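Enquirer: coords below, sequence missing:
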Ligand code: AMP
């Protein structure tokens, strides 16, 4: 596995592969790998001749009050995991190489970015779109893999790729969970013991909505109320940021649930802000 830090060198490598007729898949990450990341690497490995895994804790997607400095990192372990999953290049640029002095260009998908996580993180998706567009421009991938755990991010990147004719196929990969149902996340490492014990209740609450829907309940207000009551009892350490029932592509709130509807949430638990979602049907 090659390790590249220079965007120009990364671009040259991908251009050489393209010229040789080899397809390129990109997997953008912020590192501190878990099995969720590995499942993206494996999907990329299966579907393209060459796999580029980017590892970049992107400063522009963190607000000044957020956890940029504390974000967990373990480059040596990450290298081994990437290599073990057949990654061809680990692209790990520095912030200075990605945002040199005078950097002043931004990309936004404002409509989708204002909703859900955008309410408490109003600048987050502008940073995400900008860095992902830069990564797309550097690598010009045929395919790019994103996790469904960050459902809103996936919807925004799909919209950006379509709107800007980027010619990359954006693939969503199912959420990988711990045995107890908690969605895997690098930020789970922030959880204290009692918080970690309660954290699986986030997923259990969303699953309760699925069960109620299967039993015939379609009123969004009732489904949300039942989840909230469940969490009040089972997740007392949690503070709900949002809990919505939305259309999976437009992310607009729906009053009446359909099998395609998505229940989606963000919950503060100790130092962590955890997100999760589930299709109802
Ligand atoms: P991150 O390093 O947290 O920015 O995540 C990098 C990519 O991995 C994103 O596309 C995430 O959606 C995806 N990802 C993170 N956690 C999971 C998970 N538990 N299951 C599937 N994909 C995930």
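Expert: On my side now, so go ahead. In this text the structure is predicted, and so the values were computed from the model without any measurement.
Enquirer: quick check: residues of the chain near the ligand?
Expert: By the criterion of Cβ under 6 Å from any ligand atom, the positions of the chain lying close to the ligand are 29-30, 36-37, 39-40, 146-147, 149-150, 173, 175-176, 183-186. All C-beta spots, glycine's among them, are computed from the backbone N, C-alpha and C.
Enquirer: mind checking which of those land in helices?
Expert: Residues from the residues of the chain next to the ligand lying in helices, with DSSP state H as the criterion: 36, 37, 39, 40.
Enquirer: pick the one among those closest to residue 236.
Expert: Each of those was checked against residue 236 using Cβ to Cβ; the closest is residue 36, at 26.8 Å.
Enquirer: how's this protein carved up into domains?
Expert: Partitioning the chain according to automatic domain parsing yields domains covering residues 2-173, 186-279.
Enquirer: dump those domains to a markdown table, plus mean pLDDT and mean neighbour count.
Expert: Supplementary listing: the domains of the chain in a markdown table, determined by pLDDT from 0 to 100; neighbours: other Cβ atoms under 10 Å:
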| stretch | mean pLDDT | mean neighbour count |
| --- | --- | --- |
| domain 2-173 | 98 | 18 |
| domain 186-279 | 98 | 17 |
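Enquirer: which parts of the stretch 151-281 of the chain are helices?
Expert: According to DSSP state H, counting those that start in this stretch, the stretch 151-281 of the chain carries its helices in the segments 151-163, 193-198, 200-214, 220-234.
Enquirer: how distant is the first one from the center of its chain?
Expert: It stands for helix 151-163. 11 Å (Cα atoms, centre = their mean, to the nearest Å).
Enquirer: now swap in stretch 180-188 and tell me
Expert: On the basis of Cα atoms, centre = their mean, stretch 180-188 is displaced by 12 Å from the centre of the chain it belongs to.
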